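Participant: Sequence first, predicted coordinates after that:
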Protein chains: 2
Amino acid sequence: MKTAILSIGDELLTGAVVDTNAAAISAALFGSGFRVERRLTVRDDEAEITAALQGLAERHDIVVATGGLGPTSDDVTARAAAKATDRRLILNDEALAHLRSVVPDERLRGLNEKQALLPHKCRVIPNPVGTACGFWLTHEGTLFLFLPGVPREMDRMLADTVVPLLRERFPGEERLRRRRFTLLGIEEAEVNELLKDIPQPRRGVTLAYRARFPFVEVTVRGEGEAAELFNRAQTETLKKLSDHVVAMDDETPEENVARLLRESGFTLSLAESCTGGLIAKLITDIPGSSAYFREGAVTYANEAKTRALGVPAPLIDEKGAVSSEVAMAMARGIRAASGSDLAVAVTGVAGPGGTPEKPAGTVFIALADRNGCRSKRYLFPGDRDQIRTATAYTALDWLRRRLTP
Amino acid sequence: MKTAILSIGDELLTGAVVDTNAAAISAALFGSGFRVERRLTVRDDEAEITAALQGLAERHDIVVATGGLGPTSDDVTARAAAKATDRRLILNDEALAHLRSVVPDERLRGLNEKQALLPHKCRVIPNPVGTACGFWLTHEGTLFLFLPGVPREMDRMLADTVVPLLRERFPGEERLRRRRFTLLGIEEAEVNELLKDIPQPRRGVTLAYRARFPFVEVTVRGEGEAAELFNRAQTETLKKLSDHVVAMDDETPEENVARLLRESGFTLSLAESCTGGLIAKLITDIPGSSAYFREGAVTYANEAKTRALGVPAPLIDEKGAVSSEVAMAMARGIRAASGSDLAVAVTGVAGPGGTPEKPAGTVFIALADRNGCRSKRYLFPGDRDQIRTATAYTALDWLRRRLTP
């Protein structure tokens, strides 16, 4: 099936917004065995969108469009879709009922009702998290699918409706197998070196690398009937890289740590300096984290380290706030104060700036448990944001390693 | 000048990589008065690239291509460029000299020399940070520019050579004016309603809306000679929306608050429950935040609220941890403990889950200063992530309002 994506929106073409939707659709389709052959981006302009839809339909069997389904006057995708497929725009009952269920009556009469004006005889793609329904229809042998441009809504509708619909309508498409490893603390070139003994290309099995800061992702893909080769390749890959694997497939590193914490029954507290609350934020991103997360102290000022964590002021004077000793005192301090089983502390120089002895990127991570406390010095490269992010995920990795049997 | 972008690469169409280059080129051109009208993405396939270049040239005066200039066999852009413009590929002296200066001799004879094979009579675009030079040429009235796909190299060449070249060749291009308002606490449809009295479209001035959770962005654009109309439109827009404007142009809401805090000379502390460190993370994202940010307490467990913030346990028992009284006690508690001028506290139900009296999204925000303390109850819609994000940015907005004269 020849597949194309049409992204619609002025904000994409002015560069105000990066088109993450196009990548999300590409990845979802690729994961289901559909290979996207081209993508096109046009303005919120009815004639442009109409011409683009017609042009793509000439060469493709499936066209997925995203954007321009909102309530305002610059959203003209539904109108263009109707024109491109020779249909009238009509008030769609199902879309209207959806709007009525999520928008207060007094506002419906105005702008929002416009969102229920869809091409005649299209089918609605439900939007469980927003006002604008999507829709799909076929015209002269091409299947057109229209999704809103809000990434959160688009993602949900893609997973809930679009992918199942495509799998159902095109059951004969080759299925791709995929296994993804998320790695921390290793660079792409090192991964390449480690995996060079796994002979490739093998028929139907491919290995792909991608740096996604602070991680490197390795994806093993298998097409068609190459199940055994795929299994062997992914087993060998895991064996070579296991020390660095912080998550697999669609699980995030923080979800992995959350699962390990939940299973362990241990409670956790955090003391953060340079990460400024980022580790606590990642931990509490996960629903149900209150079962194991007690508290976090974001001690930016030295007085806060002393008062809230009991780090002796002379120790800070002598060793510096960014030191192994202070990191350990912070971890011990928050563990004692909160009564948690585990405590992680970080202190470092996020930059910009720093000193010759402690340049930006110098970070100490410490972990305290009932057996005692240990710490390690790191030098993370990059800018402030990268240093903070690498620090936070490395701290989570200390927990993963501590909790992995 | 009608302008188009061609992004080249298999990895874009599988969704393995988000096309940030297209956004970077769009933004750089837009900032110099060139409006990108369409973008196209194709595979690393010589025939596809050739056809795409020819197709775009039919309708555009400028075509900027990115990707496919690397040393490996799947990089075929230079060959396609030659074919699309009826030229031979020849070894380009300047590109070869560049390669010789950055690549060791023993590797040059192999793959890398291929990167100096460019279309006859093209002009080189220097690459100061990598091996692959770019190039540009004109053919039948269209200016083609080719850049590598590595973002860091592409960005540099865009700024150093491409933008100056375009400004020099098209000095008469109309300059675009732009003003962006980032709004909080108002929905897209309400914005549209508020602005409906500003008559539009007016010649050369456009208003665009975009929801970017939890914000709505309104962008006023003015072309060419419509300076006065543009100024009037942006002034009227600001007047109508001023209560909700949390940032302007490229400043983020957190940068705006950081600037206000720095200017005020006040110090800040935070006490967070449902946001779990997110507010502290946003505050400390900004370099130099240690000048005003003292500390944050992420008090997830009730005992932590009592111990670290001095919230009386009977108060929590009586009113509940999610209550106006506890929010205020948290703000007063962290302010007293840290000695900061300002303190903000949040407590709420991020969900999933909740009770009939306090459903998910119920949040109390409190602010304490030397004049006392006040709090307000909110009910934020959405999922856990949205509730936390809306809470954090609303809390920052309390600071903005407190610090705005």
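Facilitator: Thanks, I have the structure now. Because the structure is a prediction, the values reported are computed rather than measured.

Participant: From chain B, how far out is A:A308?
Facilitator: 7 Å (CB to the nearest CB, to the nearest Å). Glycine gets a C-beta too; all of them are placed from N, C-alpha and C.

Participant: model confidence over the helix or strand that residue falls within, on average?
Facilitator: A:A308 is part of helix A:302-309 when elements are defined by DSSP states H and E. For helix A:302-309, mean pLDDT rounds to 95.

Participant: ditto for stretch A:61-77
Facilitator: Averaging pLDDT along stretch A:61-77 gives 91.

Participant: Test my guess that A:L165 contacts A:F135.
Facilitator: No - in this structure, A:L165 is not within contact of A:F135 by CB atoms under 8 Å, at 11.7 Å.

Participant: Compare these two (neighbour count), which wins?
Facilitator: Neighbours per residue (other CB atoms under 10 Å in any protein chain shown) separate A:L165 from A:F135, with A:F135 holding more: 22 against 15.

Participant: so who does the more buried one touch?
Facilitator: By CB atoms under 8 Å, 6 or more residues apart in numbering or on different chains, the residues touching A:F135 are A:A78, A:A81, A:N92, A:A95, A:L118, A:P119, A:C122, A:R123, A:V124, A:I125, A:L145, A:F146.

Participant: tell me, how many neighbours does the third one end up with?
Facilitator: The one in question is A:N92. Residues lying near A:N92 (other CB under 10 Å) number 23.

Participant: if I look at it, how far off is B:L268?
Facilitator: Noted for A:N92: a distance of 50 Å to B:L268, by CB to CB, to the nearest Å.

Participant: could you give the mean pLDDT of whichever strand or helix holds A:N231?
Facilitator: Taking DSSP H and E as the definition, A:N231 sits inside helix A:227-241. Regarding helix A:227-241, the rounded mean pLDDT is 86.

Participant: Can I get that helix as CSV, trimmed to CA atoms?
Facilitator: Provided in CSV are the C-alpha atoms of helix A:227-241 (Å, rounded to 0.1, in the frame of the first residue of the first chain):
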residue,chain,number,x,y,z
ALA,A,227,10.8,-14.9,13.1
GLU,A,228,13.6,-17.1,14.1
LEU,A,229,16.3,-14.7,12.8
PHE,A,230,14.6,-11.9,14.6
ASN,A,231,14.5,-13.7,17.9
ARG,A,232,18.2,-14.6,17.7
ALA,A,233,19.2,-11.1,16.7
GLN,A,234,17.3,-9.5,19.6
THR,A,235,18.6,-12.0,22.1
GLU,A,236,22.2,-11.4,21.0
THR,A,237,21.7,-7.7,21.1
LEU,A,238,20.3,-7.8,24.6
LYS,A,239,23.2,-10.0,25.8
LYS,A,240,25.8,-7.5,24.5
LEU,A,241,24.1,-4.4,25.8
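
Participant: continuing past that helix, what's the next helix or strand?
Facilitator: strand A:245-248.

Participant: List, one by one, the residues from the stretch 151-300 of chain A near chain B.
Facilitator: Counting by CB under 8 Å from any CB of the partner chain, the positions of the stretch 151-300 of chain A adjacent to chain B are A:152, A:208, A:210, A:219, A:270, A:272, A:275-281, A:283-285, A:287, A:289-290, A:293-300.

Participant: again, only this time at 6 Å
Facilitator: A:210, A:276-278, A:280-281, A:284, A:287, A:290, A:293-296, A:298-300 (CB under 6 Å from any CB of the partner chain).

Participant: In helices only, show me the residues you listed.
Facilitator: If you go by DSSP state H, those have A:L278, A:A280, A:K281, A:T284 in helices.

Participant: shouldn't the last one be in contact with B:G276?
Facilitator: Yes - under the criterion of CB atoms under 6 Å, A:T284 is in contact with B:G276, at a separation of 2.7 Å.

Participant: No further queries at this time; thank you.
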